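Peer 1: I would like to see how this sequence folds:
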Amino acid sequence: QVQLVESGGGLVQAGDSLRLSCAASGGTFSMDAMGWFRQAPGKEREFVAAISWSGSTIYYEDSVKGRFTISRDNAKNTVYLQMNSLKTEDTAVYYCAANALNAERLVAKQLDYRGQGTQVTVSS
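Peer 2: Below is the predicted model of the structure:
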């Protein structure tokens, strides 16, 4: 059973940076596409970023392009989301997710596994 555990969330001010981490266990992390989603109160879950197993293919949601960077360390079974220039509209619970096939399926919101989430709150 794959387990995904997120960390790194918190309360920051607009313009600040945060780095989220997601540690994976119990599966074949190095072969899975990984991604990040977020859900704000009263809103649907939103795709944020995805990365292929090799790291060679990366996708971003338009509103985070140029501000967020997804990366992975297969030796540590960890995927990261570096978030810079945070805005109040980035406030949400951020979830790590995995898809055993490819990153494109994560873009299509097809998740095989999902973590419990970490809260990111950006104040003005």
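Peer 1: C-alpha only now, for contacts and for neighbours.
Peer 2: OK.
Peer 1: Nearest the geometric middle of this protein, what residue?
Peer 2: With distances taken as C-alpha atoms, centre = their mean, W36 lies nearest the centre of the chain, 2.1 Å away.
Peer 1: which residues touch that residue?
Peer 2: 47-50, 81, 94-97 (C-alpha atoms under 8 Å, 6 or more residues apart in numbering).
Peer 1: Return the member of those residues nearest to V64.
Peer 2: Nearest to V64 out of those is V48 (C-alpha to C-alpha; 7.2 Å).
Peer 1: Need the residues that contact stretch 89-98.
Peer 2: 4-6, 22, 32-41, 106, 111-122.
Peer 1: Using CSV, list the CA coordinates for that stretch.
Peer 2: Below are the C-alpha coordinates for stretch 89-98, written out as CSV (Å, rounded to 0.1, in the frame of the first residue of the first chain):
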residue,chain,number,x,y,z
GLU,A,89,-5.3,32.9,-3.8
ASP,A,90,-2.8,30.2,-3.3
THR,A,91,-4.3,29.5,0.1
ALA,A,92,-5.5,25.9,0.1
VAL,A,93,-4.9,22.4,1.4
TYR,A,94,-2.1,20.9,-0.9
TYR,A,95,-2.2,17.2,-1.6
CYS,A,96,0.6,15.0,-3.0
ALA,A,97,-0.6,12.4,-5.5
ALA,A,98,0.7,9.6,-7.6
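Peer 1: tell me the mean pLDDT for stretch 12-20?
Peer 2: On average, the pLDDT along stretch 12-20 is 98.
Peer 1: can you pull out the helices in this structure?
Peer 2: Assigned by DSSP state H, the chain shows helices spanning 103-107.
Peer 1: now the strands: where do they sit in it?
Peer 2: Secondary structure of the chain (DSSP state E): strands at 3-7, 10-13, 18-25, 33-39, 46-51, 58-60, 68-73, 78-83, 92-99, 113-114, 118-123.
Peer 1: tell me what the shortest one is packed against?
Peer 2: So the one you mean is strand 113-114. In this structure, strand 113-114 makes packing contacts with strand 3-7, strand 92-99, judged by 3 or more C-alpha pairs under 8 Å, 6 or more residues apart in numbering; DSSP states H and E.
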